[in-house]
Each structure stands twice: as C-alpha cells, then as structure tokens.
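1. sequence plus predicted model, see below.
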Amino acid sequence: AAARDGRSAELAARLEAVGHLAATDVAAAASAGDAAALELIREGGMRTGQVIAGLVSFFNPGLVVIGGGVTGLGHTLLAAIRTQVYRQSLPLATGNLPIVLGELGPAAGVTGAARLISDHLFSPA
C-alpha cells in the first residue's frame, strides 16, 4: 500500500521493476533511508513483539531467538520487538531475557526441522 499510495518512492520503484515486494525489498528501502519502509518494519516489530510478550509471560523462556527471513530486517525490527516484549511481559520473565536475531536467516526453519528429524531418528528407543 505504501508503494501504491506514493508514500514510498523506493518501494514504488521496486514494485514497478519486479511486480511484487518481499521483506528484502523493505529492508533495502529502509537501508536507503526510506521513512515508510522504516515505519513498516517498526509496525511489524511492534505486532510481533505483542505476540511474543504473551508467550514470554506464559512460558518464561531463557532466550528468545527471532529467526527466518525477517532477520534481514535487522536491528530496527529487533528494537521494536524488544520494546514491546519488555513493556508488556511480566517483569520476572524479562529480568534477564535476551532477545536476539538468529544467524541462520531464511534457512532456519528447514535447519530446525532437519535437526528434529535427525534427533528423532537417531535417538535411543
């Protein structure tokens, strides 16, 4: 919508060139200083952080890793997620809770699935 409404010249140019937009396009536009792309990332981080905040309060994990393709959106996304989680979760659950970006990028889901399968296949019965 930002590309079509004229709020983001960078995203509009990418949409016109390729015909569709992906998270990598938004990340590239944000890196180029596009305000609309930065706002999209912050909004996505805020919404993601709201969901994670509920999960953190319920499960009380020792670490939260944000993985997959969204890691390409970088620290702008991570900052928005952290803000929401630390603001909305129970203080005891977030006292020493690191929230970090995963290092596997888009391959995280496939790598995790392969690991689960290998653990299951090679575990003692």
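-> Happy to help now that I have it. Just so it is clear, the model here is predicted, and its values are computed rather than measured. Numbering: from 1, shown residues only.
2. buried sites along the longest helix anywhere in the chain?
-> Determined from DSSP state H, the single longest helix within the chain is helix 35-59. By neighbour count on 16 or more other C-beta atoms under 10 Å, the buried set for helix 35-59 is 36-38, 40-42, 44-45, 48-49, 52-53, 56-57. Placement of C-beta: from N, CA and C, glycine included.
3. can you check stretch 83-102 too?
-> In terms of neighbour count (16+ other C-beta under 10 Å), stretch 83-102 has its buried residues at 84-86, 89, 93-94, 97, 99, 101.
4. cool, stretch 113-123 as well?
-> Buried residues in stretch 113-123 (16+ other C-beta under 10 Å): none.
5. hey, where'd the strands end up in the protein?
-> 64-66, 99-101 (DSSP state E).
6. what's the closest of these to Ala113?
-> strand 64-66 (15.5 Å; C-beta to C-beta).
7. hmm, who's touching the closest one?
-> With C-beta atoms under 8 Å, 6 or more residues apart in numbering as the test, strand 64-66 has contacts from 48, 52, 56, 77-78, 81, 85, 97-102.
8. tell me the strands beside it, with direction?
-> Strand 64-66 has the following strand partners under DSSP bridges: strand 99-101 (parallel).
9. give me the pLDDT value at the closest residue to Gly68 other than its chain neighbours.
-> Distances taken as C-beta to C-beta, 6 or more residues apart in numbering place Ala108 nearest to Gly68, at 5.0 Å, with adjacent residues excluded. If you check Ala108, the pLDDT there is 81.
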